[in-house]
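# sharing a sequence plus its predicted fold:
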Amino acid sequence: MIGVFDSGVGGLSVWREVDALMPAQAIVYFADQGHIPYGPRPMEEIRLFSEAIVRFLLEQGCGIIVVACNTASAAALKHLRAAFPDVPFVGMEPAVKPAAQTTRTGQVGVMATPATFQGELFASVVERFANGVQLINQVCPGLVEQVEAGRLDTPDTETMLRQYLAPMMEANVDTIVLACTHYPFLAPAIRRIVGPAVQVIDPAPAIARQVKRVMEQRGLLLSVDEAKRVFYTSGDAKTFAQTLKHLAGTDGDIRAARWNEARRFLSEEYSV
C-alpha cells in the first residue's frame, strides 16, 4: 500500500493525483489534524510527529511513504530517510526549478509556511535552481486553516489572498509556486486574482508521477480488484469526512487515530 500523510487535508491535493494515476493501488492517508498547523511549530516537534506517523503507516502495511506536506518535508524528510533506510520516501520539494525554467520576467513568487522557508530543503532548491531568478517569498498565515474549514471561495479567504499576492504582483511576477499542499485547493481563487498572464504551479501531478516511478523501480506496483482507500485523522473523524467529500469529492473508510503519552499514534475503535 501507499502511505500518504500531511498535517491535515492539504495532502489530499497529492492524494487525488496519486489515486488518479494509479487507481489499482491501495492508499492509506493520514491527516494529523490534532496537531495542525505544522507551519509555526519547531522543526524538532514536526520531526517527532512525522516519525510517529511513518511508524503508524508502516504498521498498516504501507511499502512506500509520501510526505505530502511541504512543512514536514522541509523539517523531517532527511531525518525520516535516515531513520527508515529501507523505506522509499517521496517528499515535497518547492517547484522552483520549473518556475525558473518558464518565467519570462525573472520574478517568481513562492507561497509557503515559515518552516518551509527555514528548512535546508528550500535553501538547497534555491541554490540549485534559482540562479538568475528573483524569488519573492510570501508567508501566508491563516490559509491552511481556511482550507481545513473548507472556506475556499469566501470573502475572507479572498481578502487574505489579495493581501499575500499583492507584494508578488507589485514585483511583476509571472509565475507563482504553491509550496504548501493546502494551497492548490485555493488555485482557482488565486488565478482569478492574478489573471491569466501569471502561471500558478501545483507540484502534485509531478509528485504522483515520481511515486509511480519509485514503485516501478521497487516492484511495488500491484493490481487488485478493489483498491482500498483508508483515511486516518488525529482530529475529528466526522469533520474530516465532510471535508474529504468537499475537497476530493469522495467518500472512504475514515478512522480516528489518537496521540498518546508514549508519543505514538494508535487507531481508535470507531470509524465513520
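Nice, I can see it.
# which residues in the chain form strands?
Using DSSP state E, the strands of the chain run over residues 2-6, 27-31, 64-67, 89-91, 107-112, 134-139, 175-178, 199-201, 229-233, 253-259, 265-271.
# quick one: strands adjacent to the fourth one?
In its sheet, strand 89-91 lies beside strand 64-67 (parallel), with partners assigned from DSSP bridges.
# save the strands of the chain as TSV, and put in mean pLDDT, mean neighbour count and distance to Gln163 too.
Just so you know, the C-beta spots here come from the backbone N, C-alpha and C atoms, and that holds for glycine as well. Formatted as TSV, the strands of the chain follow (pLDDT from 0 to 100; neighbours: other Cβ atoms under 10 Å; distance: least, Cβ to Cβ, whole Å):
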stretch	mean pLDDT	mean neighbour count	distance to Gln163
strand 2-6	97	27	25
strand 27-31	97	26	27
strand 64-67	98	26	29
strand 89-91	97	21	29
strand 107-112	97	25	12
strand 134-139	96	18	10
strand 175-178	98	26	15
strand 199-201	97	19	17
strand 229-233	95	23	30
strand 253-259	93	17	33
strand 265-271	69	13	35
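# could those strands go into CSV alongside distance to Val18?
CSV is the format used below for those (distance: least, Cβ to Cβ, whole Å):
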stretch, distance to Val18
strand 2-6, 6
strand 27-31, 7
strand 64-67, 7
strand 89-91, 9
strand 107-112, 22
strand 134-139, 27
strand 175-178, 17
strand 199-201, 18
strand 229-233, 11
strand 253-259, 17
strand 265-271, 21
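# look up how far Val87 lies from Gly63.
Gly63 sits 8 Å away from Val87, going by Cβ to Cβ, to the nearest Å.
# scratch that, Ala166 is what I was asking about
Computed as Cβ to Cβ, the Ala166 to Val87 distance reads 42 Å.
# which of these two has more neighbours?
When neighbours are counted by other Cβ atoms under 10 Å, Ala166 and Val87 differ, and Val87 comes out ahead with 16 against 12.
# now do the contacts for the more buried one.
Applying Cβ atoms under 8 Å, 6 or more residues apart in numbering, we find Val87 in contact with Val54, Leu58, Gly63, Ile64, Ile65, Leu80.
# domains of the chain?
For the chain, automatic domain parsing gives the domain ranges 2-92+205-271, 96-202.
# so how far is the first one from its chain's centroid?
To tie it back to what came earlier, the one meant is domain 2-92+205-271. Taking Cα atoms, centre = their mean, to the nearest Å, one finds the center of domain 2-92+205-271 at 9 Å from the center of the full chain.
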